[in-house]
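Asker: Okay, structure incoming, though there's no sequence with it:
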């Protein structure tokens, strides 16, 4: 199972990335803006999810149905996230390569232009 430490390692090479918190949970951030965060105990209780750690990842709202359909056994949403550009990832079920792709997409939504230019120059 992927852990938060794995998420930190996966995103370590992205420009301007750091570790912080968002809504009181561990998060990876770009210049202080969270682009992925762990779910809190309150959220597990509220939504009745058990058996996996859950990561919140941001996305373009119009892309969300495509992601949820492509990774149906891994990504999901709860009523709290309906209509918002974010979805949930079951860390027990996702492969690191797939997770990196989701994290990079989320990062690109939150990163400043200078960070994106640096990332694109590397690729």
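Answerer: All right, it came through fine. Note that this is a predicted model, so its numbers are computed, not measured.

Asker: State the number of residues packed around residue 22.
Answerer: When neighbours are counted by other CB atoms under 10 Å, residue 22 registers 18. Yep, even glycine has a C-beta here, placed from its N, CA and C like the rest.

Asker: Please, where are all the strands along this structure?
Answerer: With DSSP state E as the criterion, the chain has strands at 17-22, 25-30, 33-38, 54-58, 75-76, 86-90.

Asker: Would you mind saying which of those lies nearest residue 64?
Answerer: Nearest of these to residue 64, taken as CB to CB: strand 86-90 at 5.8 Å.

Asker: Could you check the angle that closest one makes with strand 54-58?
Answerer: Strand 86-90 and strand 54-58 are oriented at 150 degrees to each other (axes from the mean of the first three to the mean of the last three CA atoms, to 10 degrees).

Asker: Strand 86-90 - which strands sit beside it in the sheet, and in what orientation?
Answerer: Strand 86-90 pairs in its sheet with strand 54-58 (antiparallel), strand 75-76 (antiparallel), by DSSP bridges.

Asker: contacts for that strand?
Answerer: Residues outside strand 86-90 that contact it (CB atoms under 8 Å, 6 or more residues apart in numbering): 39, 52-59, 64, 67-68, 73-78, 81, 99, 102.

Asker: Filter those residues down to the buried ones and hand me the ChimeraX line.
Answerer: With 16 or more other CB atoms under 10 Å as the burial test, the buried ones among the contacts of strand 86-90 are selected in ChimeraX as follows:
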select :39,52,53,54,55,56,57,58,59,64,67,68,74,75,76,77,99,102
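
Asker: phi, psi of residue 32?
Answerer: Main-chain dihedrals, residue 32, degrees, to the nearest 10: phi 90, psi 0.

Asker: Tell me the spatial nearest neighbour of it, not counting adjacent residues.
Answerer: Leaving aside its sequence neighbours, residue 32 sits nearest to residue 20 (CB to CB, 6 or more residues apart in numbering; 7.0 Å).

Asker: And the helices in this protein, which stretches?
Answerer: 4-11, 41-47, 64-70, 96-110, 113-122 (DSSP state H).
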